[in-house]
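>>> Sequence and predicted structure, then a few things I'm wondering about:
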Number of protein chains: 2
Amino acid sequence: MTPSDTTTAGVIGLGSMGLGMAQSIARAGIVVSGFDINPAALSKLAASGGNASRSAIEAARNVDVLVVVVINARQTDAVLFGPGGAAAAMKPRGVIVSCATMAPDEARRLAAKSQAMDLEYLDAPISGGAIKAAGGALTVMASGTTDAFAKARPVLNAIAATVHELGNTAGIGASFKMINQLLAGVHIAAACEAITFAQKLGLDLREVYKVITGSAGNSWMFENRIPHVLDGDYSPRSAVDIFTKDLGIVSDIGRSRQFPLHLAATALQMFLMTAAAGMGKDDDASVARMLAQVTGQDLPANRQAG
Amino acid sequence: MTPSDTTTAGVIGLGSMGLGMAQSIARAGIVVSGFDINPAALSKLAASGGNASRSAIEAARNVDVLVVVVINARQTDAVLFGPGGAAAAMKPRGVIVSCATMAPDEARRLAAKSQAMDLEYLDAPISGGAIKAAGGALTVMASGTTDAFAKARPVLNAIAATVHELGNTAGIGASFKMINQLLAGVHIAAACEAITFAQKLGLDLREVYKVITGSAGNSWMFENRIPHVLDGDYSPRSAVDIFTKDLGIVSDIGRSRQFPLHLAATALQMFLMTAAAGMGKDDDASVARMLAQVTGQDLPANRQAG
């Protein structure tokens, strides 16, 4: 019998990432329960072969692996260890796979709480977006004990194309995610600064995209986000609010560790300015729209709109 | 008879880029003369089949195509149009291929001066570094008349893997280069900020390199420059001073066009701080070394040094 024959899983948080992950787990033949406060997400899970639970504790009941995909450390703490907390319902020695982006210290704190309840904890932030989540093709940046990795393996295999095993203690996975988010956030803001400046200089923006993606100025984010600007489509693939949150955490750590982060701090201000202009729930390429509005530029309009 | 059978070329400025370009032109079977104030560069050119000239004007004597690869607009102006200027020696209707990074307005000014002397002008900044220059594999971001492109074609084919033809007036090529340098400079500084922060968080830097280059936080510059940090090798492939210059030009244009460039301005300060700490002539990844020094981090040392 392979592990996936016997492993049972729960997923708490069925947003654009969590729902896809739960569906990927179900598709791998693992019995999976899920919970979210949004009933529509529960229905989608039920339609994909998962069990829709009525509470976090029900989703966690007797599972081997509990995946928590909520917004931050505070929510992760609340659903696991707060009133009606899910951790207490898990199978003894079960493993919590914690996916929210959070400070390394928070990951260590949650790992200690898990250990005190005789549970394993995998510090396992994810990267890749909703489409890769639905396809079971995420990147996981994980740290935790060998035992935690072994128990979580069937679930990790179901959700991820790449699992980076980064160390045997909680906090390391979270630190890697911080570094990735620092760069990702700066690169999105830089892409938006560059494309609006190109507009100001009167350049053909599609030509700019073509030249830059073949040049030393390219980044994964420039290549991925600038098409949203070219199409004038700011429907959220990943929202501005995600980066005010994540660069906020990065900045907090920099301050608490007394480490200057010039570019991360500057990019954070650009995302905050975009959120302040009313675009917090829109696609993070909206930083370009904010800069265009302030400077009186006309970026391409969405041809599908209006 | 193909154009390259008859085209003659001159190259002014035989630094790490210009020498490789002159050698690539010679290798393509084009008669090429070169001039630089550095005699060692002249000897290298002579050893590679080019003609070592004793002055800019001698290198330009009766050539169809004159490639100018000096540091900035002021030097380009001086070697072409100053006392003993090279432009006057060229074949009538010859084409100047101007490769220095400069403001679009400067490119337009130099094009007008060329036109007044009955010469063509190709606004043709380059990208790719010394190794690609030597291999005839640069990227050229060029604008100018159809005639200028046609006359320069044999030389462009000799030096470049990719020639972006971006418009029929000078200034457009320079503008594209500005956008590329804005992104490149921000991405180098961001890579250095991220890798030193990773060191502060106690992460394995080679593992960080592996994870980030496979993640959404990647950039061409992160992938290219961070190995210098991992090897502790700050011998200049491209120097800090290049980016204090290029981001300085970007910032000047932003100010003159009244366009805010938060990240470019911040990155410029980081390069200036690195130059101020005495590393202006070192590799641009030295921004990481500067940050490490300030924050008391130990980055990898160069195992080949000492």
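Looks like it came in fine.
>>> Pretty sure A:Val11 sits against A:Val31.
No. Taking contacts as C-beta atoms under 8 Å, A:Val11 lies outside contact range of A:Val31: 11.7 Å. Using the backbone N, CA and C atoms, a C-beta is placed for each residue, glycine as well.
>>> Which one's more surrounded, the two?
A:Val11 (34 against 18; other C-beta atoms under 10 Å in any protein chain shown).
>>> What residue in chain A is the furthest from its centre?
Residue farthest from the centre of chain A, counting by C-alpha atoms, centre = their mean, is A:Gly202 at 35.8 Å.
>>> how much space between that residue and B:Asn51?
According to C-beta to C-beta, to the nearest Å, A:Gly202 stands 40 Å off from B:Asn51.
>>> ditto for A:Leu183
Taken as C-beta to C-beta, the span from A:Leu183 to B:Asn51 is 47 Å.
>>> neighbour count winner among these two?
A:Leu183 (30 against 18).
>>> Once you drop chain neighbours, what's closest to the more buried one?
Once flanking residues are discounted, A:Leu183 sits nearest to B:Gly217: 3.4 Å by C-beta to C-beta, 6 or more residues apart in numbering or on different chains.
>>> ok, the one you found - contacts?
A:179-184, A:187, A:220-221, B:194 (C-beta atoms under 8 Å, 6 or more residues apart in numbering or on different chains).
>>> distance of it from A:Trp220?
Separation of B:Gly217 from A:Trp220 (C-beta to C-beta): 7 Å.
>>> list the residues that contact both of the two?
Both B:Gly217 and A:Trp220 are contacted by A:184, A:187, under the criterion C-beta under 8 Å, 6+ apart.
>>> Isn't A:Ile12 up against A:Phe35?
Yes. Here A:Ile12 reaches A:Phe35: they are 5.4 Å apart, a contact under C-beta under 8 Å.
>>> what's the overlap in contacts for those two?
A:56, A:59.
>>> helix or strand for the residue nearest to A:Leu183, which one?
If you go by DSSP states H and E, B:Gly217 is not part of any helix or strand.
>>> And the one 4 residues further on, by the same measure?
B:Met221 is part of helix B:220-230 when elements are defined by DSSP H and E.
>>> contacts for the next helix or strand after that helix?
Using DSSP H and E, the helix or strand that follows helix B:220-230 in sequence is helix B:240-256. With contacts defined as C-beta under 8 Å, 6+ apart, helix B:240-256 is touched by A:197, A:201, B:71-72, B:101-104, B:178, B:181-182, B:184-185, B:188, B:259-261, B:264-265, B:267-268, B:271-272, B:274-275, B:279-284, B:286-287.
>>> burial count for the residue of the stretch 1-150 of chain A found nearest chain B?
Distances between the stretch 1-150 of chain A and chain B by C-beta to the nearest C-beta are smallest at A:Ser127, namely 5.4 Å. Residues lying near A:Ser127 (other C-beta under 10 Å) number 23.
>>> now stretch A:266-274: how far from the chain's centre is it?
19 Å (C-alpha atoms, centre = their mean, to the nearest Å).
>>> For the stretch 201-306 of chain A, what lies in contact range of chain B?
Residues of the stretch 201-306 of chain A that fall close to chain B, judged by C-beta under 8 Å from any C-beta of the partner chain: A:201-204, A:207-208, A:210-212, A:214-222, A:224, A:253-254, A:257-264, A:266-267, A:269-270, A:291, A:294-295.
>>> Can you say which of these are buried?
A:201, A:203, A:207-208, A:211-212, A:215-222, A:224, A:253-254, A:259, A:261-264, A:266-267, A:270, A:291 (16 or more other C-beta atoms under 10 Å in any protein chain shown).
>>> How about the secondary structure of A:Thr162?
strand (DSSP: H, G, I helix; E, B strand; the rest coil).
>>> residues touching it, list them.
Counted by C-beta under 8 Å, 6+ apart, A:Thr162 has contacts A:138-140, B:214.
>>> same thing but 10 Å
Neighbouring residues of A:Thr162 by C-beta atoms under 10 Å, 6 or more residues apart in numbering or on different chains: A:127-128, A:137-141, A:156, B:211, B:214-215.
>>> where does chain A dip in pLDDT?
Scanning chain A for pLDDT under 70 picks out the ranges A:1-5, A:303-306.
>>> Which phi and psi values does A:Lys281 adopt?
The phi and psi values for A:Lys281, taken as degrees, to the nearest 10, are phi -90, psi 0.
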